[in-house]
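A.B. asks: With the input below, show me the fold.
(2 chains)
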Amino acid sequence: MKRRIFLKTLGLGGCVVFAPNLVFAASPAGNYGNLLVLIELKGGNDGLNTLIPYADGEYYRLRPKIAITRDQVLQLDERTGLHPSLKPLLLLWQARELAVIQGVGYPQPNLSHFRSIEIWDTASSSQEYLSEGWLSRVFASEPVPKQFAADGVVVGSQELGPFSGGGTRAIALANTEQFLRQARLADDTAQKVTNPALAHILKVENDIQQAASRLKGNYEFKTEFPKTQFGNSLKAASQVIAGGAGVAAIKISLNGFDTHSNQPGTQQRLLVELAEGLAAFKSALIEINRWNSTLIMTYAEFGRRPQENLSNGTDHGTSNVHFLLGGKVKGGLYGLAPQLRQLDGNGNLAFGLDFRSLYTTAIDKWWEGDAKNALGGRFAALDVLRA
Amino acid sequence: MRNLLFFCSLLFPFCVNAAALGFDDARLLLNRTSFAASEKEVNEFAKLTREQAVERLLNGTRTTAVTAPPAWINDPIIPPRTLRNLSQEERKAHQQEEIKKGFDLRAWWLQEMLVTPSSLTEKMTLFWHNHFVSSQQKVKYAKLMYRQNVLLRKYALGNFGELLHAESMDPAMIIYLDSATNRKGRPNENFAREVMELFTLGEGHYTERDIKEAARAFTGWSVEPDTGEFRWRPFFHDDSVKTVLGKTGNFDGNAVLDILLARPETSEFIVAKLWREFVSPTPDPKEVTRIANQFRSSRYDIKVALRGLLLSDAFYVQENRAVLIKSPVELTVGTLRQFNFSVPNALPFAFTVAQLGQNLFSPPNVKGWPGGEAWINSATLLARKQFLERLFRAQEMPQGMRVEMKEMGKVKGAGKIGMEGRERFTQAMESIQFDAGKWLSQFNGDERTQVARLVLASAPVDRLDNNARGLELIRELTRDPVYQLK
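C.D. replies: Residues are numbered from 1 along each chain as shown, chains lettered A, B, ... in the order given. Just a heads-up that it's a prediction; the model follows:
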């Protein structure tokens, strides 16, 4: 039974009475009691060494130096396996809570970090420049409940990405306690002004005030988070969620995937960080009873080139593998396996699934909204969530 | 008497303008065209007419910096082919060196902004840096970024046509927009697209076909790897006939730039962008066309466009006051200049502006910093407030600013200045000085009102504490949301 229907039968639909239930008080348009967590693998994670087509001889031909050998691969099926550093994710895979989506990309791919992440963040097509992030457009057409602390929270970065532009109430913070300390510098004026620039500043001041008044940041988790920057970010995100203050989406970045040289060591370290972090995150979400109402999705500007370069690394590529995980995720392999014998003129992979299909899945299936308004077109949602 | 009135009504606009500016208009003019003006400057300009004031500003502009550049600008560059043959470690060391040079460059430019006798020159140099965008992230060679900056300053208030030609053939630009890989039979359309969309016509005034044809005309432009100078490679140039914007001929790159300059859209595009920089976020189409016509008939004299904007009534109307958000550079340099901070080395502020979202020499993409409201989000607003709070936390600067050291680690690339860089950073931090008492002593009598009207672009949002005096008053005013506006 869906949470908000459940609330309705109790006569609590849309009604906010006490704080812990606040997050479940979904608006009529979108079920924002369901939380979306975006994990940005910044720099462009190498998908081919994340999900390895270990039975494909072409893979080993293209990567004589940096390929993951068959015996190291954590096999998922007779052709595909995970990088050994992703071992903590195997438990999720076995619990069928990890969906691995292959071949995610878009037509006419752009190989610039800046431009390509802009395309992902705004859900634009390759030749189109949009100023608003895709989540800002979702929240504009299906508003997040006003009493939520914020529409979106960005942890560990100042780049609002998908929350950019529009009237989105987006908060960037490194950790909740520091944010609460700094927030005292925000102005709490309730003045209405006609000057648009001043109105914008006052809106941001108010967003900070509202978030600060709702966030707590002192939940005692039993879960131990990895002592890494990413671990700290996940801990901060868990604090945001644990406070019950209400937030529709969270973005967290893990930096350093631009592995043009000496990739193996760097990627190994980053994937350990990712997998251990996600495992801890799951444990924390279970502690606060949010694992079943959280959907975690990875993304990145692009994947990397199948052919390794001369510096033991890989250059900018196109389509990539991404993860969806959460208590409601139907685990398994999805999408198009890499077609290593059909590379494009730059030696890059063709894509099998438009990234906007992932966004559509989040909007239509997770939030029960309508992605068409926000994405400006129809992209098929994946059947990847349990009812 | 009647005759005089009649005469005056004929010359009505001049009669109005012939009046002295007064404090508020002078403050507006100076704060939009400089990094915050002092009480003395505002009072001086207050006595001038609009024309006199604008002429004084435009006559005072420069074409070179007063601050000595870093010594390494004369060092030869290491060509890419040599770099390719270096060991992994040597290559890494070279990269590190270039990144350090990048910080020297940022500190140098910020220093120039802090000391220049013509803030307008630096503001326009920054304006063009955000128009003819190149980024060290891609260009890599700090020396080429320096040369580009010199070029931007040389033409900052000169001729836009000459600036466009010079910038298009500038080695940093050639690398940044891939002109060097644009060759006969293997065109790269990057520069051709951006020159039309972002440098001249603006979106919607050209076709994809125009871009393809123009790209062929731009083939042959390249960089000499050993010197980093422009190099013409006739062998790579496509010398067949092209059709661009309805004109057909055996065009080379310069011929295409002249075709772009001949279009009225170009002058309107530039004037509208200058309007958003100096006047308001919403250009008045009629006024833009009027000023753009003057701009074009002057054959793109940038001072003609600026004069048009700074003399227009739209510049001075009440609705357009305090409607522009200060950029991180304007907030930072403006505050340091406004309050007479002594800053022997501007290196720390290279990190400040980056943290606030404006990493000099590294705009986010070819479109540059979007500016305006995009400058302000919860993170940057709190960072702005924290920066101001630390500046004015106490008389003894180093104590307050030391915390900034910890924050610095979060700025992209900050870890790369190395031990020696960190030491310089600490020293620079400790040598920053501000004397609140001395600064306030220039106001006699009603200090509160005078300081407020000097440092705020409009009435404060918050009610001032009647008892606030001295440093406390400065903190209160700089904390007000209106302090973010110009």
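A.B. asks: alpha carbons only for contacts and neighbour counts from here, please
C.D. replies: Noted.
A.B. asks: mind checking which helix or strand residue B:272 is in?
C.D. replies: Using DSSP states H and E, residue B:272 sits in helix B:264-278.
A.B. asks: Quick one: list the elements packing against that helix.
C.D. replies: Under the contact definition 3 or more Cα pairs under 8 Å, 6 or more residues apart in numbering or on different chains; DSSP states H and E, helix B:264-278 sits against helix B:285-297, helix B:302-311.
A.B. asks: if you compare those, which one is most tucked away?
C.D. replies: Of the helices and strands packed on helix B:264-278, the one with the most neighbours on average (mean count of other Cα atoms under 10 Å in any protein chain shown) is helix B:302-311, at a mean of 21.
A.B. asks: Among the helices and strands packed on helix B:264-278, which comes closest to chain A?
C.D. replies: helix B:285-297 (19.4 Å; Cα to the nearest Cα).
A.B. asks: Return the closest one as PDB; C-alpha atoms alone will do.
C.D. replies: Provided in PDB are the C-alpha atoms of helix B:285-297 (Å, rounded to 0.1, in the frame of the first residue of the first chain):
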ATOM      1  CA  PRO B 285      15.300  47.500 -26.800                       C
ATOM      2  CA  LYS B 286      14.700  51.000 -28.200                       C
ATOM      3  CA  GLU B 287      17.600  52.500 -26.300                       C
ATOM      4  CA  VAL B 288      19.800  49.500 -27.200                       C
ATOM      5  CA  THR B 289      19.100  50.100 -30.900                       C
ATOM      6  CA  ARG B 290      19.800  53.800 -30.600                       C
ATOM      7  CA  ILE B 291      23.100  53.300 -28.900                       C
ATOM      8  CA  ALA B 292      24.000  50.300 -31.100                       C
ATOM      9  CA  ASN B 293      23.600  52.500 -34.200                       C
ATOM     10  CA  GLN B 294      26.000  55.100 -32.700                       C
ATOM     11  CA  PHE B 295      28.400  52.200 -31.800                       C
ATOM     12  CA  ARG B 296      28.300  50.800 -35.400                       C
ATOM     13  CA  SER B 297      28.600  54.200 -37.100                       C
END
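A.B. asks: That helix - what's its average pLDDT?
C.D. replies: The average pLDDT within helix B:285-297 is 98.
A.B. asks: name the helices or strands packed onto it?
C.D. replies: Using 3+ Cα pairs under 8 Å, 6+ apart: helix B:285-297 touches helix B:264-278, helix B:302-311.
A.B. asks: what's the burial count for residue 54?
C.D. replies: The chain I'm using is chain A. Neighbourhood size, residue A:54 [other Cα atoms under 10 Å in any protein chain shown]: 26.
A.B. asks: Oops, wrong one, chain B.
C.D. replies: Quick note: residue B:54 (other Cα under 10 Å) scores 21 neighbours.
A.B. asks: With the one 5 residues further on instead?
C.D. replies: Neighbours of residue B:59 under the rule other Cα under 10 Å: 11.
A.B. asks: returning to that earlier point: could you save the helices and strands packed on helix B:285-297 as a markdown table and add columns showing mean pLDDT?
C.D. replies: As requested, these are exported to a markdown table (pLDDT from 0 to 100):
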| stretch | mean pLDDT |
| --- | --- |
| helix B:264-278 | 98 |
| helix B:302-311 | 98 |
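A.B. asks: Can you say which of these is nearest to residue B:420?
C.D. replies: helix B:264-278 (37.8 Å; Cα to Cα).
A.B. asks: can you give me how far that closest one is from the chain middle?
C.D. replies: 15 Å (Cα atoms, centre = their mean, to the nearest Å).
A.B. asks: would a markdown table of the helices and strands packed on helix B:264-278 with distance to residue B:141 be doable?
C.D. replies: Putting the helices and strands packed on helix B:264-278 into a markdown table (distance: least, Cα to Cα, whole Å) gives the following:
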| stretch | distance to residue B:141 |
| --- | --- |
| helix B:285-297 | 35 |
| helix B:302-311 | 29 |
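A.B. asks: before we move on, back to that, give me the contact list for the helix holding residue B:272.
C.D. replies: For helix B:264-278, the external contacting residues (Cα atoms under 8 Å, 6 or more residues apart in numbering or on different chains) are B:32-33, B:200-202, B:205, B:260-261, B:281-283, B:288-289, B:291-293, B:295-296, B:300, B:305-306, B:309, B:315, B:324.
A.B. asks: And for stretch A:179-199?
C.D. replies: A:173, A:202, A:205-206, A:208-209, A:212, A:215, B:322-325, B:372-373, B:382, B:385-386, B:461-462, B:479-482, B:485.
A.B. asks: if you average pLDDT over that stretch, what comes out?
C.D. replies: 87.
A.B. asks: pull the CA atoms of that stretch into CSV?
C.D. replies: Listed next in CSV are the C-alpha coordinates belonging to stretch A:179-199 (Å, rounded to 0.1, in the frame of the first residue of the first chain):
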residue,chain,number,x,y,z
PHE,A,179,25.5,25.0,8.2
LEU,A,180,23.5,25.8,11.3
ARG,A,181,26.4,27.8,12.8
GLN,A,182,26.8,29.8,9.6
ALA,A,183,23.1,30.3,9.0
ARG,A,184,23.0,32.8,11.9
LEU,A,185,24.6,35.2,9.3
ALA,A,186,21.5,35.0,7.2
ASP,A,187,19.0,37.8,7.3
ASP,A,188,15.6,37.0,8.6
THR,A,189,13.7,40.0,7.2
ALA,A,190,10.2,39.2,6.0
GLN,A,191,10.1,42.4,3.8
LYS,A,192,8.4,42.3,0.5
VAL,A,193,10.4,44.1,-2.1
THR,A,194,9.9,44.9,-5.8
ASN,A,195,13.5,45.0,-6.8
PRO,A,196,14.1,41.6,-8.4
ALA,A,197,17.8,41.3,-7.5
LEU,A,198,17.0,42.2,-3.8
ALA,A,199,14.0,39.9,-3.9
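A.B. asks: From the contact counts, what lies against whatever helix or strand residue B:106 lives in?
C.D. replies: Using DSSP H and E, residue B:106 maps to helix B:88-115. Under the contact definition 3+ Cα pairs under 8 Å, 6+ apart, helix B:88-115 sits against helix B:119-129, helix B:142-154, helix B:328-338, helix B:347-355.
A.B. asks: Recalculate using a threshold of 6 Å.
C.D. replies: helix B:142-154, helix B:347-355 (3 or more Cα pairs under 6 Å, 6 or more residues apart in numbering or on different chains; DSSP states H and E).
A.B. asks: which stretches of chain A have low pLDDT?
C.D. replies: A:1-30 (pLDDT under 70).
A.B. asks: can you count the residues close to residue 373?
C.D. replies: Went with chain A since none was named. Neighbour tally, residue A:373, other Cα under 10 Å: 14.
A.B. asks: try again with chain B
C.D. replies: 19.
A.B. asks: what's it sitting at in phi/psi?
C.D. replies: phi -60, psi -20 (degrees, to the nearest 10).
A.B. asks: Any figure for the gap between it and residue B:220?
C.D. replies: 40 Å (Cα to Cα, to the nearest Å).
A.B. asks: likewise residue B:138?
C.D. replies: 21 Å.
A.B. asks: In terms of neighbours, single out the busier of the two.
C.D. replies: Remark: of residue B:138 and residue B:220, residue B:220 carries more neighbours, 24 against 13, as counted by other Cα under 10 Å.
A.B. asks: dump the residue contacts of the nearest residue to the more buried one once chain neighbours are set aside.
C.D. replies: Sequence neighbours aside, residue B:237 is the residue nearest to residue B:220 in space, at 4.2 Å (criterion: Cα to Cα, 6 or more residues apart in numbering or on different chains). Going by Cα atoms under 6 Å, 6 or more residues apart in numbering or on different chains, residue B:237 touches B:184, B:219-220.
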